[in-house]
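[1] Sequence and computational prediction follow.
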Number of protein chains: 2
Amino acid sequence: MKAAGVVVEYNPFHNGHAFHLARTKEITGADIVIAVMSGQFLQRGEPALVPKWLRAEMALRTGADIVIELPYQFSTQNADTFAFGAVSILNALGCKYLCFGSESGNTDLFNKTLQFLQSNREEFEKSIRDHIAVGISFPAAAASAFKKLKGNKTLLDLSQPNNILGLAYLKAIEKLQSPMLGMTIKRTSAHYHDQQFTAPSVASATSIRKALFSEHGNIEKIKPYVPDATYHLLKEYKNHYRTFHSWENYWPYLKFRLLQLTPEELAEIYEIEEGIENRLLRMALSAPSFQDFMMNLKTKRYTWTRLQRMCVHILTNTKKHEMHARMHTVSYMRLLGMTKRGRKYLNEQKENFSIPLVSKLSSYKKEAINLDLRAARIYAAGAEKEFVQELLNMEFSRLPIYLEEV
Amino acid sequence: MKAAGVVVEYNPFHNGHAFHLARTKEITGADIVIAVMSGQFLQRGEPALVPKWLRAEMALRTGADIVIELPYQFSTQNADTFAFGAVSILNALGCKYLCFGSESGNTDLFNKTLQFLQSNREEFEKSIRDHIAVGISFPAAAASAFKKLKGNKTLLDLSQPNNILGLAYLKAIEKLQSPMLGMTIKRTSAHYHDQQFTAPSVASATSIRKALFSEHGNIEKIKPYVPDATYHLLKEYKNHYRTFHSWENYWPYLKFRLLQLTPEELAEIYEIEEGIENRLLRMALSAPSFQDFMMNLKTKRYTWTRLQRMCVHILTNTKKHEMHARMHTVSYMRLLGMTKRGRKYLNEQKENFSIPLVSKLSSYKKEAINLDLRAARIYAAGAEKEFVQELLNMEFSRLPIYLEEV
């Protein structure tokens, strides 16, 4: 059996994701698709709308065959570290292809851009440093340095988030000397950051979340834009747990923690750089909501995403030394779910996996997985009070999802 | 002017406290009474029912002339450290007398018992250690060792909490070589731990709190047992803030923190002894309420009070090194309020104070006061969500209460 891999967050899974999975099978001819998916906290520094188990099930019911959790130490990171973790897993699972959506959609252009950057690496990096020195954020510095460097050459537009991520996947494939082939397909009409519904049946996850959280949020509104499985799973979750998870659910805890921390202790948290500690503590003292807090915190030097990632690490109490010890190699792959075909693939291939596959938490006692466990515990604390215990149990007692028939 | 001192918590101020203040003036002939009062967290390891400002006002309206906050590093401690902090302050303020309530009510018996313990110190301490070694708590060990040691002699009953505290005051007076005279009066009919109303107009603070928190809690019920000032201040607070503060208000935060901590980090918290860390973390994972948590946590080795104090320190993130640096000397005295006579005394005497008196937070920038500030911030987090900010402001912007006429 031949497998193709995708790297995803599914927050939530929508029609565009279903299209991506179908096209992945089509253009690669793979028998199965393996999705590496962020767990409870996402790359942009946010809690996921619903737990990873539901998001895995949405995917398994609509085209994915295996879902593996991208560990916390990779999922809440910049593009390069995020990509390195995800590609390491797909490579260890023996995927022949990695198929990613991008604004460009042109695989050749990705390869050309990667080559160009590698031959001009020193100059590129120096230029980024010069840009950062005047007080702008890393992504803005990189986009501007790249524009200057490429001149009139036809290369990727590196101000687009999915082009940046795609390039990071290709860099990771090269770094790992993996035989996996990276391929891109063009993202359908909705843009990543679209706030409102545009196309008739494809909408960005951002606009779907916005609809779910809006004051008159009605789950029926998103029905045209998501597969049936997503619609039903979201509806059941909301009916039972009475909330979708947003930063506001966690704001009381984040604020409490910032009322409690000294600047010295805060400086031990991953991603906290000198100079931001006092600002974080000061802003927390007076902000009534996460939204207000972020508005007051934001400066030109830090992107919104970067600040949110800091907040996630404060919330999960993730220290610099813990991350540094874990973010340079992937040491386990936690299986969230599989279809019948997915299971067949795993049985066929398991002897070849270079990284242990974890199905049962209780039989995997390594330190490395602790950040995921902590993230899951903290995620559960954001539920309505009477459901915290149920969400905690969901994480710690359950086995991977298995779908006999999809 | 001549001052007498009292050491108090006023949680809340009731008729027994009013009687204590009146008797203190009567038997000492003092012109004013100074109360050193625990701040937001109390000796038994609990959040105060209402903020210290209200509790200070209750006292000033009903007999006290000056209220000083007992710093966190002394208020959330065992009897000896608690007493040392409080007596240091009364001594620094030039009090001639310290008048405390006790079960015994016999000052001679206190002095005799103190002398007896001092001449038999080594034997007493060895006996306590022997008792602890078999796995019982310190108070139980001390009471049992004392009973054995004293034989048939007529000495204090050291199984009574206020006798123990009283003895600690006398020890502190001696340790500080203070000229202050310690005197005791018999506590009126209600016992410290009484859960229900007994005497017609005196009730324990415990039974008053129980009535306030009971399901059909009606503030009218406590009216016979508290002065008017207490009744009105409690009523206004509840009407406005919609809560009295109990451990249950802080349970979500304590649980969150215990979901977040590693055993190694937990071991840095003050009072956390080897062996209890994993138990604390494990019990937090499954307890739906603070009450459940404590019931599961309790063992013969630790008293309920001791465990609650651990929980307060976890909640306020108070580290061993922070406490050790601050609990051996009192370096400031924060003024919470005064009457006109109290102010006159302070003006008359201020040149003689050996410890700085702090009226405005903004003009006192020493590190030592940080534990009080953190305790006040964390205390505020236990308010209903929409009032957290208001309680934070109450602490950080206000000046001491001044009552021109009482």
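    Noted; the coordinates are in hand. This structure is a prediction, so every number in the text was calculated from the model and none was measured.
[2] Assign a three-state SS to A:Asp108, would you?
    Three-state call for A:Asp108 (DSSP: H, G, I helix; E, B strand; the rest coil): helix.
[3] Sorry, slip of the keys, the one I care about is A:Ala22.
    Applying three-state DSSP: A:Ala22 is helix.
[4] Just give me the neighbour total for it.
    13 (other C-beta atoms under 10 Å in any protein chain shown). In short, each C-beta sits where N, CA and C put it, glycine included.
[5] And the nearest residue to it once chain neighbours are set aside, what's its pLDDT?
    Residue nearest to A:Ala22 in three dimensions, not counting chain neighbours: A:Gly63, with 6.0 Å by C-beta to C-beta, 6 or more residues apart in numbering or on different chains. pLDDT for A:Gly63: 96.
[6] One more: the one 5 residues further on?
    Looking at A:Ile68, its pLDDT reads 98.
[7] I'd say the residue nearest to A:Ala22 and A:Leu21 touch.
    Yes - using C-beta atoms under 8 Å, A:Gly63 is in contact with A:Leu21, at 3.4 Å.
[8] and for the two, which residues touch both?
    Common contacts of A:Gly63 and A:Leu21 (C-beta atoms under 8 Å, 6 or more residues apart in numbering or on different chains): A:Val33.
[9] does A:His324 sit in a helix or strand, and which one?
    Per DSSP states H and E, A:His324 falls inside helix A:320-326.
[10] Which strands and helices lie in contact with that helix?
    For helix A:320-326, the packing partners by 3 or more C-beta pairs under 8 Å, 6 or more residues apart in numbering or on different chains; DSSP states H and E come out as helix A:370-381.
[11] Could you list every helix and strand in contact with the helix or strand just after the helix it packs on?
    Sequence-wise, the next helix or strand downstream of helix A:370-381 (DSSP H and E) is helix A:388-397. When contacts are defined as 3+ C-beta pairs under 8 Å, 6+ apart, helix A:388-397 sits against helix A:370-381, helix B:277-286.
[12] okay if I get these as JSON lines plus mean neighbour count, distance to A:Glu405 and mean pLDDT?
    Listed next are the helices and strands packed on helix A:388-397 as JSON lines, based on neighbours: other C-beta atoms under 10 Å in any protein chain shown; distance: least, C-beta to C-beta, whole Å; pLDDT from 0 to 100:
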{"stretch": "helix A:370-381", "mean neighbour count": "22", "distance to A:Glu405": "29", "mean pLDDT": "96"}
{"stretch": "helix B:277-286", "mean neighbour count": "16", "distance to A:Glu405": "36", "mean pLDDT": "94"}
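[13] Can I get these in CSV including distance to B:Gly342?
    Shown next, in CSV, are those (distance: least, C-beta to C-beta, whole Å):
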stretch, distance to B:Gly342
helix A:370-381, 45
helix B:277-286, 42
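[14] Chain A - how does it break down into domains?
    Following automatic domain parsing, one finds the domains of chain A at A:3-103+A:183-245+A:330-403, A:253-325.
[15] which one of those is the most hemmed in?
    Comparing these by mean neighbour count (mean count of other C-beta atoms under 10 Å in any protein chain shown), domain A:3-103+A:183-245+A:330-403 comes out on top with a mean of 20.
[16] before we move on, back to that, and the residue nearest to A:Ala22, its phi and psi?
    Note on A:Gly63: backbone dihedrals following degrees, to the nearest 10 are phi 130, psi -20.
[17] now swap in A:Val358 and tell me
    Here A:Val358 shows phi and psi, under degrees, to the nearest 10, equal to phi -100, psi 120.
[18] likewise A:Tyr241?
    As for A:Tyr241, its main-chain torsions (degrees, to the nearest 10) stand at phi -90, psi -10.
[19] Report pLDDT for the nearest residue to it once chain neighbours are set aside.
    Setting aside the residues directly before and after it, A:Tyr241 is nearest to A:Phe387 in space (C-beta to C-beta, 6+ apart), at 5.1 Å. pLDDT, A:Phe387: 92.
[20] ok, A:Phe387 - contacts?
    By C-beta under 8 Å, 6+ apart, the residues touching A:Phe387 are A:240-242.
[21] can you list the residues of chain A near chain B?
    For chain A, the contact set with chain B under C-beta under 8 Å from any C-beta of the partner chain comprises A:252-253, A:255-257, A:259-262, A:265, A:285-286, A:288, A:315-317, A:370, A:374, A:377-378, A:380-381, A:385-386, A:388-389, A:392.
[22] Now that we have the contacts of A:Phe387, can you turn them into JSON lines and tack on pLDDT?
    Shown next, in JSON lines, are those (pLDDT from 0 to 100):
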{"residue": "A:His240", "pLDDT": "95"}
{"residue": "A:Tyr241", "pLDDT": "95"}
{"residue": "A:Arg242", "pLDDT": "93"}
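[23] Name the residues that touch the helix or strand of chain A with the lowest mean pLDDT?
    Taking mean pLDDT, DSSP states H and E as the measure, the helices and strands of chain A show their lowest mean at helix A:388-397, namely a mean of 87. With C-beta under 8 Å, 6+ apart as the test, helix A:388-397 has contacts from A:51, A:53, A:241, A:361, A:373, A:376-377, A:379-381, A:383, B:255, B:285-286, B:288.
[24] quick one, strands of the stretch 51-200 of chain A?
    A:66-70, A:97-102, A:181-186 (DSSP state E, counting those that start in this stretch).
[25] Those strands: which one's closest to B:Thr303?
    strand A:66-70 (43.2 Å; C-beta to C-beta).
[26] And the contacts of that closest one?
    A:3, A:7, A:32-39, A:52, A:56, A:59-60, A:82, A:85-86, A:89, A:93, A:333-339, A:342, A:345-346, A:372, A:401.
[27] Just to check, A:Leu285 is in contact with A:Gln260?
    No - in this structure A:Leu285 lies outside contact range of A:Gln260 using C-beta under 8 Å: 11.8 Å.
[28] Please name the nearest non-neighbouring residue to whichever residue of the stretch 1-150 of chain A sits closest to chain B.
    When scored by C-beta to the nearest C-beta, the stretch 1-150 of chain A has A:Gln40 as its residue closest to chain B, at 12.5 Å. Spatial nearest neighbour of A:Gln40, chain neighbours left out: A:Tyr379 (3.8 Å); criterion: C-beta to C-beta, 6+ apart.
[29] for the one you found, what are its contacts?
    Taking C-beta under 8 Å, 6+ apart as the test, what A:Tyr379 contacts is A:40-41, A:47-48, A:51, A:245, A:391, A:395.
[30] With A:Met1 instead?
    By C-beta under 8 Å, 6+ apart, A:Met1 lies in contact with A:31-32, A:341, A:344-345, A:348-349.
[31] where does chain A have low pLDDT?
    A:189-200, A:217 (pLDDT under 70).
[32] Can you give me the separation between the most far-flung residue of it relative to its centre and chain B?
    Residue farthest from the centre of chain A, counting by C-alpha atoms, centre = their mean, is A:Asn152 at 33.1 Å. Remark: distance between A:Asn152 and chain B (C-beta to the nearest C-beta, to the nearest Å) = 52 Å.
[33] roughly how far apart are that residue and A:Asp130?
    Separation of A:Asn152 from A:Asp130 (C-beta to C-beta, to the nearest Å) stands at 22 Å.
[34] Check what contacts the helix or strand containing A:Phe256 and list those residues.
    Using DSSP H and E, A:Phe256 sits in helix A:247-260. Under the contact criterion C-beta under 8 Å, 6+ apart, helix A:247-260 has outside partners A:46-47, A:243, A:266, A:280-281, A:284-285, A:287, A:289-291, A:293, A:308, A:311, A:314-315, A:317, A:378, A:381-383, B:252-253, B:256-257, B:315-317, B:374, B:377-378, B:380-381, B:385, B:388.
[35] tell me the angle it makes with helix B:247-260.
    90 degrees (axes from the mean of the first three to the mean of the last three C-alpha atoms, to 10 degrees).
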